[in-house]
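Q: Here is my input, please return the structure:
(one chain, ligands or ions: 1)
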Amino acid sequence: MDQGGAAESLLSDRVKINGVVKPLILTADGQFRWSDGCLAVEKQVLGFSVEGSKIKVRAIVDTGAGICCAGSEVALVRKSFTFQPLSDDLLSLWCEKLQNYLDSLGRPKRLFVIVNPYGGTKSASKVFLDFVKPLLEDANIEITLQETRYQLHAKEIVHSLELPKYDGIVCVSGDGILVEVVNGLLERGDWKTAIKMPLGVVPAGTGNGMAKSLLDSIGELCTPINAILAIIRGHKCSLDVATMSQGDTKFFSVLMLAWGLVADIDIESEKYRWMGSARLDFYAIKRIFSLRKYNGCIKFVPAPGYEACGEPTSAEGESTSEVISSEDGSDKLLVNGRQYGYQGADFDMKNLNWRKVDGPFVSIWLHNVPWGGEDTMAAPDAKFSDGYLDLIMIKDCTKLGLLALMSELNNGCHVKSPYVQYIKVKAFILEPGTRNDNPLKEGIIDVDGEVLARGKGTYKCDEKTLMAYEKLHINVDQGLATLFCPF
Ligand SMILES: Nc1ncnc2c1ncn2[C@@H]1O[C@H](COP(=O)(O)OP(=O)(O)OP(=O)(O)O)[C@@H](O)[C@H]1O
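A: Just a heads-up that it's a prediction; the model follows:
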């Protein structure tokens, strides 16, 4: 038996496999090999347990064919491999070596899992039971489960969550719950440390843009199994957070903002929910044939290389609040005696290269990540933490041009249309106006799939929204949040 002296081997031994004594080796680069099999620990091994004098290694393997996992063409199946070391000492040694190797991978050990049983097709509880729970158990990850019971419940939960007890928060939901979690973390007094908590998302809503963006970035399908495997493997990446502010009211966005055509399609098509997913295509065609344009103005700070867009302008800062340091050292903001958490990126609004474009506009779309939903690659060049939002702007477009453009949203080629201006921005000001065919009607501002503001005469305009249909400031904090990612 070799305990690692030989090159590349952490442990090389003879063990019983199916009653026959065979050589087994664990290499320093994480290969677990025996005479008729091999597992790559990093990619395939989830965890192991001791059963009497045997060790059961639980893995996920690609069978290459056969049953599909939730639509995935790759047939991933859970498999276990059992072996019996020849003495108790060797059993302990194998456990130690395997555990040390798994520990060196920095995987999470305790996860707080939020399930929204009412999101999307109401499939989140089933996704949790079929994929999330069994795979987390295989990986020996301790689960604390909380189902959401009402809107904004997830935000409330993370407000008071004892974060040091967990290595990450997992949302089994659509994008809505992830956005609530980010907002909840950033509203905490200890937001600076809270927002470093790794966040995972397992697609189980109607809008699964973040899960799709993460998995598609390495060519994987957006399936619950691929998403939970990425979380178990524990790789992390940073994510830009955009702060939308109107005076002292803030909203923290991780996906997108839409105003004009895309917002109208997204929000007003709710009237046709009974049509299922066809409602979006149906309503898009309807909107294109009676196209609206909105007056207003946008100002932005372009990323290097995009300075030619728009006309030079200036932007006046609107900081009305004062950041104080509290006794516990956390930065809290005192506005009218009330304490807030994060207040947006530290930004000197005045001394930047602001540019301006005046309306009317057909559509303004700002994207933080490439995919807005599983079928919408809105911003093909968007990066998780480049510190910029991708602006997709349409001012003028023929109806046929728009139809062609919309049909390319699933592959991102719409940005090549001559009617589309596609640039990256660091900061953005939206001054939304009225419809240019009817000064009594205004528009809708859609942020991360929720209505941030509704103007006069819009669909459900009597419903209260977080912000008014007025000037809105947006700036980006590079890599503020952390995500579990598959790369
Ligand atoms: N128990 C509940 N009842 C009703 N709404 C809820 C409940 N729990 C959460 N919600 C709300 O459901 C919304 C959608 O959440 P989720 O992220 O799962 O899906 P989505 O794809 O973003 O949206 P949807 O599927 O509703 O179009 C969130 O805004 C959240 O506040």
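Q: Give me the pLDDT for the nearest residue in space to residue 107 that is not next to it in sequence.
A: Nearest residue to residue 107, sequence neighbours excluded (Cβ to Cβ, 6 or more residues apart in numbering): residue 234, at 3.8 Å. The way it works is simple: take the backbone N, C-alpha and C, and place the C-beta from them, glycine included. The model reports residue 234 with a pLDDT of 97.
Q: Over to the one 4 residues further on?
A: Looking at residue 238, its pLDDT reads 98.
Q: So what does it look like in phi/psi?
A: Taking degrees, to the nearest 10, you get phi -90, psi 160 for the backbone angles of residue 238.
Q: Just the helices from the stretch 251-400 of the chain, written as ranges.
A: 261-268, 278-289, 399-406 (DSSP state H, counting those that start in this stretch).
Q: and the ligand, which of the ones you listed is closest to it?
A: Checking these against the ligand by Cβ to the nearest ligand atom gives helix 261-268 as the closest, at 9.8 Å.
Q: what comes into contact with the closest one?
A: Residues outside helix 261-268 that contact it (Cβ atoms under 8 Å, 6 or more residues apart in numbering): 258, 280, 283-284, 287-288, 291-292, 362-363, 365, 394, 402, 443-446, 449, 451, 459.
Q: Check those residues one by one and keep those near the ligand.
A: Counting by Cβ under 6 Å from any ligand atom, residue 449 from those sit close to the ligand.
Q: From the contacts of helix 261-268, list the buried ones, please.
A: For the contacts of helix 261-268, burial is judged from neighbour counts taken by 16 or more other Cβ atoms under 10 Å, and it is met by 258, 280, 283-284, 287-288, 292, 362-363, 365, 394, 402, 443-446, 449, 451.
Q: mind listing what the residue nearest to residue 107 touches?
A: So residue 234 contacts 105, 106, 107, 108, 484 (Cβ under 8 Å, 6+ apart).
Q: got a winner among those for most neighbours?
A: Counting neighbours by other Cβ atoms under 10 Å, the top entry in the contacts of residue 234 is residue 484, with 26 neighbours.
Q: picking up where we left off before, with respect to residue 15, which of the contacts of residue 234 is nearest?
A: Using Cβ to Cβ, residue 105 is the member of the contacts of residue 234 that sits closest to residue 15, with 22.9 Å.
Q: wait, doesn't that closest one sit right on residue 45?
A: No. Contact between residue 105 and residue 45 fails when scored by Cβ atoms under 8 Å: they sit 9.5 Å apart.
Q: Run the chain-centre distance for stretch 78-95.
A: Centroid separation between stretch 78-95 and its chain, computed with Cα atoms, centre = their mean, to the nearest Å, is 38 Å.
Q: hmm, I was thinking of stretch 256-272
A: Taking the mean of its C-alpha atoms, stretch 256-272 sits 20 Å from the chain's own mean (Cα atoms, centre = their mean).
Q: Could you measure from the closest residue to residue 273 other than its chain neighbours over to residue 35?
A: Setting aside the residues directly before and after it, residue 273 is nearest to residue 279 in space (Cβ to Cβ, 6+ apart), at 6.2 Å. With distances defined as Cβ to Cβ, to the nearest Å, the gap from residue 279 to residue 35 amounts to 57 Å.
Q: For residue 253, list each beta-bridge partner.
A: Each beta-bridge partner of residue 253 is listed here: residue 242, as defined by DSSP bridges.
Q: per-residue pLDDT, it?
A: On pLDDT, residue 253 comes in at 98.
Q: Do I have it right that it meets residue 244?
A: Yes. With contacts counted by Cβ under 8 Å, residue 253 reaches residue 244, the gap being 5.8 Å.
Q: Need the residues touching each of these two.
A: Shared contacts of residue 253 and residue 244, defined by Cβ under 8 Å, 6+ apart, are found at 447, 474.
Q: what's the neighbour count on residue 253?
A: 23.
Q: Quick one: residues contacting it.
A: Counting by Cβ under 8 Å, 6+ apart, residue 253 touches 179, 241, 242, 243, 244, 368, 447, 448, 474.
Q: again, 7 Å this time
A: Residue 253 makes contact with 179, 242, 244, 368, 447, 448 under the criterion Cβ atoms under 7 Å, 6 or more residues apart in numbering.
Q: Show me which of these are buried.
A: 179, 242, 244, 368, 447, 448.
Q: Mind putting those into CSV with distance to residue 78?
A: Conversion of these to CSV gives the following (distance: Cβ to Cβ, whole Å):
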residue, distance to residue 78
179, 31
242, 39
244, 42
368, 34
447, 39
448, 34
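Q: Buried residues in the top strand by length along the chain, which are they?
A: Ranked by residue count, the top strand of the chain under DSSP state E comes out as strand 420-435. Within strand 420-435, the residues scored as buried using 16+ other Cβ under 10 Å are 420-430, 432-435.
Q: And for stretch 148-157?
A: In terms of neighbour count (16+ other Cβ under 10 Å), stretch 148-157 has its buried residues at 148, 153, 154, 155, 157.
Q: Surely the fourth one forms part of a strand?
A: Spelled out, it's residue 155. No. Remark: residue 155 does not belong to a strand; assigned using DSSP: H, G, I helix; E, B strand; the rest coil, it is helix.
Q: now residue 374, nearest residue through space, not along the chain?
A: Distance criterion Cβ to Cβ, 6+ apart; nearest residue to residue 374, sequence neighbours excluded, is residue 212 at 4.9 Å.
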